[in-house]
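Visitor: Sequence plus predicted model, see below.
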Amino acid sequence: MSYSEIFKDHLAHPRNAGELPGANAIAEQSNPVCGDRLRLSLLVRDGRIVAVRFLAYGCPPTLACGSALAEMLDGMSVEEALKLTRGDIVTAVGGLPSRKQHAAALAIETLRAALREFINRDSLE
């Protein structure tokens with residue numbers, strides 16, 4: 001399977017890459033098998049994600065999935081973000097070979113970790 005034009009565009013022009021000063025939800029996850037890592041930083045206000053940044057280390061699909069996730073999350077409510085699936089990420093990049101779907105799984109795992117951190121901290125305040 002060759003990669004889609006959407007995938008190639010995310011790879012060439014990542015959306016929302018970098019650090020996010022003032023983020024109130026941050027998570028970094030890694031794939032223990034291949035070593036890929038994804039860091040996701042969110043700024044959540046009034047239950048809505050108002051800013052997103054990501055850093056990806058690893059294979060091109062990890063970068064493309066991080067970019068697609070960051071683009072999708074901008075403006076989304078926390079409740080909507082919690083409903084995202086690996087399949088949503090695969091669709092957003094125009095498909096992935098089965099052996100590269102771990103990148104979409106890593107994106108969702110990182111998102112869920114960031115949202116858990118936010119929800120747990122928010123409930124303590």
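Guide: Nice, I can see it.
Visitor: Mind listing what's buried along the lowest-mean-pLDDT helix or strand in the chain?
Guide: In the chain, no helix or strand scores lower on mean pLDDT, DSSP states H and E than helix 102-124, which sits at a mean of 89. Of all the residues in helix 102-124, those buried under the rule 16 or more other Cβ atoms under 10 Å are 102-115, 118. Just so you know, the C-beta spots here come from the backbone N, C-alpha and C atoms, and that holds for glycine as well.
Visitor: List just the nearest of those residues to Leu82.
Guide: Leu115 (6.0 Å; Cβ to Cβ).
Visitor: wouldn't that closest one be in contact with Glu79 here?
Guide: No - in this structure, Leu115 is not within contact of Glu79 by Cβ atoms under 8 Å, at 9.8 Å.
Visitor: how about the strands in the chain?
Guide: In the chain, the segments counted as strands under DSSP state E are 25-30, 37-45, 48-57.
Visitor: how about CSV for those, with distance to Cys65, mean neighbour count and mean pLDDT added?
Guide: CSV is the format used below for those (distance: least, Cβ to Cβ, whole Å; neighbours: other Cβ atoms under 10 Å; pLDDT from 0 to 100):
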stretch, distance to Cys65, mean neighbour count, mean pLDDT
strand 25-30, 12, 19, 96
strand 37-45, 8, 21, 97
strand 48-57, 8, 20, 97
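Visitor: quick one on the thing from earlier: which residues are contacting the least confident helix or strand of the chain?
Guide: Applying Cβ atoms under 8 Å, 6 or more residues apart in numbering, the external contacts of helix 102-124 come out as 24-31, 33-34, 36, 38-42, 44, 58-59, 61-62, 64-66, 68-69, 73, 78, 81-82, 84-87, 89-90, 93, 96.
Visitor: relative to strand 48-57, how tilted is it?
Guide: 140 degrees (axes from the mean of the first three to the mean of the last three Cα atoms, to 10 degrees).
Visitor: Grab the CA positions of helix 102-124 and hand them over as PDB.
Guide: What follows is helix 102-124, C-alpha atoms only, in PDB (Å, rounded to 0.1, in the frame of the first residue of the first chain):
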ATOM      1  CA  HIS A 102       0.600   1.200  15.700                       C
ATOM      2  CA  ALA A 103       1.200   4.900  15.000                       C
ATOM      3  CA  ALA A 104      -2.500   5.600  15.200                       C
ATOM      4  CA  ALA A 105      -2.800   3.600  18.400                       C
ATOM      5  CA  LEU A 106       0.000   5.600  19.900                       C
ATOM      6  CA  ALA A 107      -1.700   8.800  19.000                       C
ATOM      7  CA  ILE A 108      -4.900   7.700  20.800                       C
ATOM      8  CA  GLU A 109      -3.100   6.300  23.800                       C
ATOM      9  CA  THR A 110      -1.300   9.600  24.200                       C
ATOM     10  CA  LEU A 111      -4.500  11.600  23.800                       C
ATOM     11  CA  ARG A 112      -6.200   9.500  26.500                       C
ATOM     12  CA  ALA A 113      -3.300   9.900  28.900                       C
ATOM     13  CA  ALA A 114      -3.300  13.700  28.400                       C
ATOM     14  CA  LEU A 115      -7.100  13.900  29.000                       C
ATOM     15  CA  ARG A 116      -6.800  11.600  32.100                       C
ATOM     16  CA  GLU A 117      -4.200  13.900  33.500                       C
ATOM     17  CA  PHE A 118      -6.400  16.900  32.800                       C
ATOM     18  CA  ILE A 119      -9.600  15.300  34.200                       C
ATOM     19  CA  ASN A 120      -7.800  14.000  37.300                       C
ATOM     20  CA  ARG A 121      -6.200  17.400  38.100                       C
ATOM     21  CA  ASP A 122      -9.300  19.300  37.300                       C
ATOM     22  CA  SER A 123     -11.400  17.200  39.700                       C
ATOM     23  CA  LEU A 124      -8.800  18.000  42.500                       C
END
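Visitor: All set, thanks.
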